[in-house]
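# Below: sequence and its predicted model.
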Amino acid sequence: MNINYDRTLGAFLGCGMGDALGAPTETRPTYLIKKDIGNGDYTFDYTVPLETTLVAEYPPARRLGIATDDLSVSYISALEFLKDGKITEEGAKRGLLEWSKIPEYYIPHSGPSTRDAIAKLVGYYALEDNRPYVEYDGSHGSYPLNKASTNGAGMKAFVAGVFNPLDPDKAIDDLIVYAGITHPNRIALSAGAAVAAATAVAMDEHSTLDKVLDAGFYGAKEGYLRASKIYPSVTGSDVVERMKLAVGIGLKYSDDFDRCITEMNDLVGLGIRATEAIPAGFGFMVAAGGDTLKAIHMAMNAGDDTDTVGAICGSMCGAYQGFSGITNAQYHLDMIQKANSFDLCEVARKVSELTTGK
Amino acid sequence: MSDRRSKILGSLLAASVADAMGCCTENGSIETIKKYFGGLCTDIVDMPEGSFPHGGTTKGVVTDDFSIAYYSAEEFLKDGKVSEEGAKRAVIRWFDEPDSKYTRYAGPTSRAAYNRIKGIPMPHTKQDNLVTRNREASNGAAMKVGIIGLLNAGNVDKAIDEAIVMCKVTHDNAIALSGACAIAAATAKAMEERVSWLEVVEAGFYGAREGYKRSVDITVPTCGATIERRMEYAIDLGLQYQDDFDEAMESISKIIGTGLPANEAVPAAFGIITAVKGDIWKTILMAVNAGDDTDTVGCMAGFIVGALEGPGVLKDKYLDLINRENGFDLEKMAEDIDTYLGGN
């Protein structure tokens, strides 16, 4: 298996593992994950999502290994980019529209920023009350853009990394094009750019974990600066500062699972805000020493937006380890491909052919 | 005026002034506020339509924060006690008031609570499936709860219990209530005669921890960072930058955040109080200029530092404006709370 393909597939699989392992636990705090899902203890394998999950909003989706928006948006977007031979705004828009036609992902998992973006493309809110999309007239400053400071750019950002192996700068630019459609927001894009740049560097055969982390910090800073040239100032805490907190926790408690996830939740947070989920993803990557499954085990038990935090650390670690380095990779691949009718090997092969010119 | 009544008036005034001043800057970032004001926002000013989210509103009008607190205090004073019924009546009266100046500021959690109390059906959302209500861990409990600290002056433990009684009506989760108890406890402590910001911050931590413990088993489970842990970090930042106003404000805003979640706004308020050692005017200035939910951070911190210091210069400068534009009588309310407390 050539290294680029191995790493690309690792990134897709890592995203899918974090997503599908987290889908049953998301929206619960740790003590309820243990009580309701882990029979009194942590949970480390796939389970069928309970009726009290977001997945249950579309009952046929309640099956073992089902993914949520994290993998499905990333996968569908990558297919569109492949058609264009690169990451484009048009491809990102087409990807979003295609994705919105798949009810088992769109109905339970579309967040507010993504719904707004789709409504903007089609002119109305199709799956809600068909109310028309109204373009914001700017009469209240940048205020309405504050609410897009969410983790939805970060969840799909690794795609910009695998399309630009070893080129973090291009990954950052591409991420802003790709995720700016849904998240026209400096903070969300700063977080997304961190993941994109880290993934691009993780694709390097000779990368070490510190280089991946450095690229993440570079991406967060550069992503903020570059997004600031396009999008106005918004409120929210700072991705870089929160990443420092999260990495600190990862370093201090890498040998203490309980303490690591507790401290990550209590201080950094693991929620829908871009300044929580993405920094936490980096923290778990560091705590796990870049091991995909270990990082995801933390994310899926840490509570709140477990699937997105898992998809973020999973995709970065997956790119770093490659498919061949992920524990029980074939088991996870079979599980996710079967439950979601995605062909991750095929998409990884095509992306790899594109980026390596073979 | 007795010392106690003066402290009560200081608290009401600092909270309302910070709220009205924060109304000018709310939802702006530090960057946009600095740019618009050419530096710090240092007064309650007219904001033209379109300049900021609340541009075009009348200067001196407070937002939801202080107005719900005021309406709640009226109900509690009428009953001679704090009760769930009084809290509910206040919420309903606040929402149902014709031509209200305030309901435009209503937060999502308070509105949902109003609908629940009134039996108004809400459209189904996918969040209805869940066992958690993670979006309701907001600062709308803590924003109005300073009043409970005044009604329990010097009695931190009772303030915590009554904060839960008042705020559980709208915010039925332990994160929002932990934040509310931190503010109520700190305000109650600040009402003591010989006290400084140090003991007040300590009482805030006690409130955050006790509030969580006392509410976690009687509320809807919720995910989120804890008030206590984020407060620890905010206090560290406040101490680290105690001599540097800008650096303190920037770091609290960047690292802790000053937004709608209770686990941002409440820790930020304590970080600010620490950074300025409880100084009433500097507290208001930092809260109002720290960006995001400036009026709420200001109102919460204002209740505390106002009780600590008394009205000071705020009285001559702002009492008439606040009373006039809102139809309040803060001096009368201070007198009524003083009477409610008895003794003296």
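Yep, that arrived. Numbering: from 1, shown residues only, chains lettered A, B, ... in the order given.

# quick one: pLDDT of the closest residue to B:Gly146 other than its chain neighbours?
Residue nearest to B:Gly146 in three dimensions, not counting chain neighbours: B:Phe303, with 2.5 Å by Cβ to Cβ, 6 or more residues apart in numbering or on different chains. Placement of C-beta: from N, CA and C, glycine included. The score at B:Phe303 is 98. That number is its pLDDT.

# again with A:Gly283
At A:Gly283 the predicted local confidence, pLDDT, stands at 98.

# Okay, helices next: where are they in the stretch 51-200 of chain A?
Assignment of helices within the stretch 51-200 of chain A using DSSP state H, counting those that start in this stretch yields the ranges A:69-84, A:89-99, A:103-109, A:112-122, A:152-155, A:158-162, A:168-180, A:186-202.

# next one: the stretch 251-358 of chain A
With DSSP H, counting those that start in this stretch applied, the stretch 251-358 of chain A shows helices at A:257-263, A:274-287, A:292-302, A:306-321, A:329-340, A:344-356, listed in chain order.

# Out of these, which is the most enclosed?
Highest mean neighbour count among these (mean count of other Cβ atoms under 10 Å in any protein chain shown): helix A:306-321, with a mean of 34.

# residues contacting the most centrally placed residue in chain A?
Compute the mean C-alpha point of chain A, and by Cα atoms, centre = their mean the closest residue is A:Met155, 1.8 Å away. Listed by Cβ atoms under 8 Å, 6 or more residues apart in numbering or on different chains, the contact set of A:Met155 reads A:69-70, A:73-74, A:277, A:308, A:311-312.

# if we go to 6 Å?
Residues counted as contacts of A:Met155 (Cβ atoms under 6 Å, 6 or more residues apart in numbering or on different chains) are A:70, A:308, A:311.

# Point out where chain B drops to low pLDDT.
For chain B, the stretches flagged by pLDDT under 70 are B:344.

# One more pass at 50, please.
Counting by pLDDT under 50, chain B contains no low-confidence range.

# Pull up the residues of it that are close to chain A.
On the criterion Cβ under 6 Å from any Cβ of the partner chain, chain A has as its neighbours in chain B the residues B:27, B:29, B:31-32, B:50, B:52-53, B:126, B:129-132, B:221, B:223, B:225-226, B:229, B:254-255, B:257, B:291-292.

# In helices, which of the residues you listed fall?
Applying DSSP state H to these, the entries found in helices are B:31-32, B:229.

# Just the buried residues of those residues.
The neighbour-count test (16 or more other Cβ atoms under 10 Å in any protein chain shown) marks B:32, B:229 as buried among those.

# okay, the ones in helices among the residues of chain B next to chain A in a markdown table with distance to A:Thr8 next?
Below are those laid out as a markdown table (distance: Cβ to Cβ, whole Å):
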| residue | distance to A:Thr8 |
| --- | --- |
| B:Glu31 | 38 |
| B:Thr32 | 40 |
| B:Arg229 | 38 |
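
# sorry, back to before: now flag whichever of the contacts of A:Met155 is closest to B:Gly86.
Minimum distance to B:Gly86 across the contacts of A:Met155 is 41.0 Å, recorded for A:Thr308 (Cβ to Cβ).

# Hmm, the closest one is touching A:Thr150, no?
No - applying Cβ atoms under 6 Å, one finds A:Thr308 not in contact with A:Thr150, separated by 9.5 Å.

# any weak-confidence spans in the stretch 51-200 of chain A?
Counting by pLDDT under 50, the stretch 51-200 of chain A shows no low-confidence range.

# go with 70
Residues of the stretch 51-200 of chain A that meet the criterion pLDDT under 70 lie in A:127-128, A:137-142.

# The closest residue to B:Thr170 other than its chain neighbours: which element?
Counting by Cβ to Cβ, 6+ apart, the nearest residue to B:Thr170 once its immediate chain neighbours are dropped is B:Ala113, at 3.9 Å. In this assignment (DSSP states H and E), B:Ala113 forms part of helix B:108-118.

# what sits up against the helix or strand just after that helix?
Secondary structure here is assigned by DSSP H and E; on that basis, the next helix or strand after helix B:108-118 toward the C-terminus is helix B:146-151. Residues outside helix B:146-151 that contact it (Cβ under 6 Å, 6+ apart) are B:8, B:11, B:15, B:69, B:72-73, B:159, B:162-163, B:166, B:183-184, B:187-188, B:303, B:337.

# On the three-state scheme, B:Glu325 is what?
For B:Glu325, the secondary-structure state derived from DSSP: H, G, I helix; E, B strand; the rest coil is helix.

# Look up the closest residue to it, ignoring the ones flanking it.
B:Gly60 (3.7 Å).

# quick check, that neighbour in a strand?
No - counting by three-state DSSP, B:Gly60 falls outside a strand, being coil.

# Can you get me a residue count around it?
Here the number of neighbours of B:Gly60 (other Cβ atoms under 10 Å in any protein chain shown) works out to 21.

# Surely it is in contact with B:Arg324?
No - using Cβ under 6 Å, B:Gly60 and B:Arg324 do not qualify as a contacting pair, with a distance of 7.1 Å.

# where do the helices sit along the stretch 151-300 of chain B?
Counting by DSSP H, counting those that start in this stretch, the stretch 151-300 of chain B forms helices over residues B:156-168, B:174-190, B:197-215, B:227-240, B:245-251, B:262-275, B:280-289, B:294-309, given from the N-terminal end onward.

# Surely B:Ile280 is in contact with B:Leu308?
No - the criterion here is Cβ under 6 Å, and B:Ile280 misses it with B:Leu308 at 7.4 Å.

# show me what contacts residue 48?
Using chain A. Neighbouring residues of A:Val48 by Cβ under 6 Å, 6+ apart: A:62, A:64.

# nope, chain B
Applying Cβ under 6 Å, 6+ apart to B:Pro48 gives the contacts B:Gly55.

# Spell out which helix or strand contains it, please.
Using DSSP H and E, no element contains B:Pro48; it sits outside every helix and strand.

# what about it, distance to B:Cys24?
B:Pro48 sits at a distance of 11 Å from B:Cys24 (criterion: Cβ to Cβ, to the nearest Å).

# With A:Lys221 instead?
Separation of A:Lys221 from B:Cys24 (Cβ to Cβ): 31 Å.

# Tell me which of the two has more neighbours.
Between A:Lys221 and B:Cys24, B:Cys24 has the larger neighbour count (other Cβ under 10 Å), namely 26 against 18.

# wait, that one sits on B:Met47?
Yes - in this structure, B:Cys24 is within contact of B:Met47 by Cβ under 6 Å, at 5.1 Å.

# centre of the chain versus stretch B:3-22, how much separation?
11 Å (Cα atoms, centre = their mean, to the nearest Å).

# for that stretch, which positions count as buried?
Burial within stretch B:3-22, assessed by neighbour count using 16+ other Cβ under 10 Å, is assigned to B:4-22.

# do stretch B:289-297 as well
Within stretch B:289-297, the residues that qualify as buried are B:289-297, counting by 16+ other Cβ under 10 Å.

# ditto for stretch A:156-173
By neighbour count with 16+ other Cβ under 10 Å, stretch A:156-173 contains the buried residues A:156-168, A:170-173.

# interface residues of the stretch 151-300 of chain A facing chain B?
Applying Cβ under 6 Å from any Cβ, we find that the stretch 151-300 of chain A lies next to chain B at A:233, A:235, A:237-238, A:241, A:266-267, A:269.

# biggest separation within those residues, which pair?
Looking at these by Cβ to Cβ, the two members farthest from one another are A:Ser233 and A:Asp266, with 29.1 Å of separation.

# Residues contacting stretch B:262-275, please?
For stretch B:262-275, the surrounding residues in contact (Cβ under 6 Å, 6+ apart) are B:137-139, B:142, B:175-176, B:179, B:182, B:197, B:201, B:204, B:224-225, B:227, B:230-231, B:234-235, B:237-239, B:241-242, B:248, B:252, B:256-258, B:283, B:286-287, B:293, B:296-297, B:300-301.

# actually stretch B:115-130, sorry about that
Counting by Cβ under 6 Å, 6+ apart, the neighbours of stretch B:115-130 from elsewhere in the structure are A:27, A:52, A:54, A:56-57, A:108, B:88.
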